[in-house]
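Just a sequence and a predicted model for now, questions to come.
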Amino acid sequence: TEVTGTPRQHADDAETERFYRMQVSIFCRDGLVGLPDVERAMIAQGFNYAGDIKIPYNDETRHFGLAKDFTILINQ
């Protein structure tokens, strides 16, 4: 999910750079051990790892969750 997409630089009345913050949420019923290596996949695509946010256990769905934040600066 795109959390933010903020213009960072302009030149000649046009945007030349944009900073994105993306969040990948992972859910599992078996806990937070053995999750897919989302970090490695995102870093391989040029993103920078920015941290984790634990998503509270959901009694209704019985899922544990983890949100991983990534950032990237794109030249337009």
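Everything's here; your move. Note that the structure is predicted; figures quoted are calculated from it, not measured.

Show me what the regular element (helix or strand) spanning residue 42 packs onto, helices and strands only.
For residue 42, the element it lies in under DSSP states H and E is helix 38-44. When contacts are defined as 3 or more CB pairs under 8 Å, 6 or more residues apart in numbering; DSSP states H and E, helix 38-44 packs onto strand 14-28, strand 48-58, strand 63-75. (C-beta placed from N, C-alpha, C; glycine too.)

Just want the most central residue of this protein.
residue 23 (2.6 Å; CA atoms, centre = their mean).

From residue 41, how far off is that one?
14 Å (CB to CB, to the nearest Å).

How about residue 7?
Distance from residue 7 to residue 41, by CB to CB: 27 Å.

and if you look at residue 14?
For residue 14, the distance to residue 41 - CB to CB - is 32 Å.

Contacts only, for the residue lying closest to residue 8 once chain neighbours are set aside.
Among residues not flanking residue 8 along the chain, residue 17 sits closest, at 4.4 Å (CB to CB, 6 or more residues apart in numbering). Contact analysis of residue 17 by CB atoms under 8 Å, 6 or more residues apart in numbering lists 7, 8, 9, 73, 74, 75, 76.

swap the cut-off to 7 Å and go again
8, 9, 73, 74, 75, 76 (CB atoms under 7 Å, 6 or more residues apart in numbering).

what's the closest of the residues you listed to residue 1?
If you rank the contacts of residue 17 by distance to residue 1 using CB to CB, residue 74 comes first, at 16.7 Å.

Just to check, the closest one is in contact with residue 18?
Yes. With contact defined as CB atoms under 7 Å, residue 74 counts as touching residue 18 (5.2 Å).

More neighbours: which of these two?
Ranked by neighbour count (other CB atoms under 10 Å), residue 74 and residue 18 place residue 18 first, with 16 against 13.

Any idea what the more buried one is bridged to?
On the basis of DSSP bridges, residue 18 is bridged to residue 7, residue 74.

What distance do you get for it to residue 75?
Relative to residue 75, residue 18 is positioned 9 Å away (criterion: CB to CB).
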